[in-house]
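*Asks:* Provide a 3D model corresponding to the input given below.
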Amino acid sequence: MLKNVIHTCGLILGFIGFIGAQTPSSPHQSGRFVENKGQVRDENYNSLPAVLYYSDAPNFNFYLRETGVSYQLTKKEPAKSNWSPYKPLEIAEEQTQAKIRVDLNFLNTSSE
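*Replies:* Numbering: from 1, shown residues only. Purely as a prediction, here's the structure:
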């Protein structure tokens, strides 16, 4: 079981490194795990202490939790244009984000 978990984490880490290598000027340290010391937060800015380590790359985040692993893919898309000759040019178009998150839970674990 542990061997399978290590193998799966290795595959995901390799994927993270591959994605980061595809982005020429990434500010992230792709392919590296960082210990969560309270900096990982949810969409409501609540701390997530169950996340032990995380790794991020452009459009891809990976989290090692106490009870499993999670990863999230993000795709940014420009909003549909409502161009009008009467609209000032300095108004920037908004972007939308599509997010997909997958949680994989280990068997026979608990968060207590």
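*Asks:* quick check, Gly38 in contact with Val51.
*Replies:* No - judged on C-beta atoms under 8 Å, Gly38 makes no contact with Val51 at a distance of 9.9 Å. Any C-beta I mention is one placed from the backbone N, CA and C, and that applies to glycine too.
*Asks:* quick one, which of the two is more surrounded?
*Replies:* With neighbours defined as other C-beta atoms under 10 Å, Gly38 and Val51 compare such that Val51 has more, 20 against 9.
*Asks:* mind checking pLDDT for that one?
*Replies:* At Val51, the model reports a pLDDT of 95.
*Asks:* same deal with Gln97?
*Replies:* Confidence score, pLDDT, at Gln97: 79.
*Asks:* walk me through which strands the helix or strand containing it pairs with, and which way each runs.
*Replies:* With elements taken from DSSP states H and E, the one containing Gln97 is strand 95-105. Using DSSP bridges, strand 95-105 pairs in its sheet with strand 68-78 (antiparallel).
*Asks:* count the residues that sit near Asn36.
*Replies:* With other C-beta under 10 Å as criterion, Asn36 counts 19.
*Asks:* contacting residues around it?
*Replies:* Neighbour list for Asn36: 48-49, 51-54 [criterion: C-beta atoms under 8 Å, 6 or more residues apart in numbering].
*Asks:* how about Lys99?
*Replies:* By C-beta under 8 Å, 6+ apart, the neighbours of Lys99 are 72-75.
*Asks:* out of those, which are buried?
*Replies:* Not one of the contacts of Lys99 meets the buried threshold, by 16 or more other C-beta atoms under 10 Å.
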